[in-house]
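Student: I need the structure of the sequence given here:
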Amino acid sequence: MSSLHFDVSTGLKRVIGRDLITDDEVAIFELVKNSFDAGATKVQIVFAEGKIWIVDDGKGMSRNDIEKKWLFVAYSSKREKTRDSFRAQIGERRHFAGSKGIGRFSSDRLGSTLELQSRPADSSSPSVHRLSINWDDFEADDLEQFSDVALDYSELNGFNLLDEIERLPQKELSDFSQL
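Tutor: Got it, this is the predicted structure:
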C-alpha cells in the first residue's frame, strides 16, 4: 500500500476569501469578530484614504502567533482546550464569534492588499510585527502551492498609523489591521 496526500493550490485563497464572503459588510463583520475573539473591548473602524483600518485593544500577536496561528490556514485557537489559555479564560465570560479559522481571508473581499500590524498586549517591547499580503500574488497561477507564495514580514519601532488613529490612547493600539 502507498500513501497519497492533499496539495493545496493558491486557488484556495479565492475560495475561502472572496468566493465565500460575497458582501463587503460581512467581510468587515468577520474581521471585527476576530477582534472580539481576541478579547477586544473596543474596536474602531476607520475609513480613510481609500483604506479600511480596524483598530482594537485585543491581546495582539507575537511573531510566533502570526507564523504558527494566523498564517496556518483554518487554524482556530478557539479550539485549544488548555485551561490556562487566553481563550479558556475569557470563554467562561464570553462566547466566541467565529470558529473556522478563515475570517482573516475576508480581507481579500475588501481589497488586494492587507497590512497587519500587531504587538502583544502583554509585551513591554515597543516592537510591532508587520505582515504585508498582496492577495493578487495568489492569483498568478492556480497550480502554484499555497505555501510557496512569499509574504513580507518586518518589525517596526511602533505602529505606522494615520494621524487620526495616532490620537487614540496607546493602550488601545495593541493590534490593528489596515486593508
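Student: when you work out contacts or count neighbours from here on, use the C-alpha atoms and nothing else.
Tutor: OK.
Student: any low-confidence regions in the protein?
Tutor: Low-confidence segments of the chain, defined by pLDDT under 70: 77-101, 163-179.
Student: quick one: the helices in it?
Tutor: With helices called from DSSP state H, the chain shows them at 11-14, 24-37, 63-65, 86-91, 107-110, 163-166.
Student: now, of those, which is deepest in the fold?
Tutor: Highest mean neighbour count among the helices of the chain (mean count of other CA atoms under 10 Å): helix 107-110, with a mean of 22.
Student: and it, what other elements does it pack with?
Tutor: Applying 3 or more CA pairs under 8 Å, 6 or more residues apart in numbering; DSSP states H and E, we find helix 107-110 packed against helix 24-37.
Student: returning to that earlier point: of all the helices of the chain, which one is nearest residue 53?
Tutor: Nearest to residue 53 among the helices of the chain is helix 163-166; the distance by CA to CA comes to 8.9 Å.
Student: distance check, the most centrally placed residue in the chain against residue 54.
Tutor: The centroid of the chain falls nearest to residue 104 when counting by CA atoms, centre = their mean (4.7 Å). Residue 104 sits 12 Å away from residue 54, going by CA to CA, to the nearest Å.
Student: do the same with residue 72
Tutor: Distance, residue 72 to residue 54, by CA to CA: 21 Å.
Student: more crowded one of these two?
Tutor: residue 54 (20 against 14; other CA atoms under 10 Å).
Student: ok so, going back, report the contact partners of the residue nearest to the centre of the chain.
Tutor: Going by CA atoms under 8 Å, 6 or more residues apart in numbering, residue 104 touches 30, 31, 34, 70.
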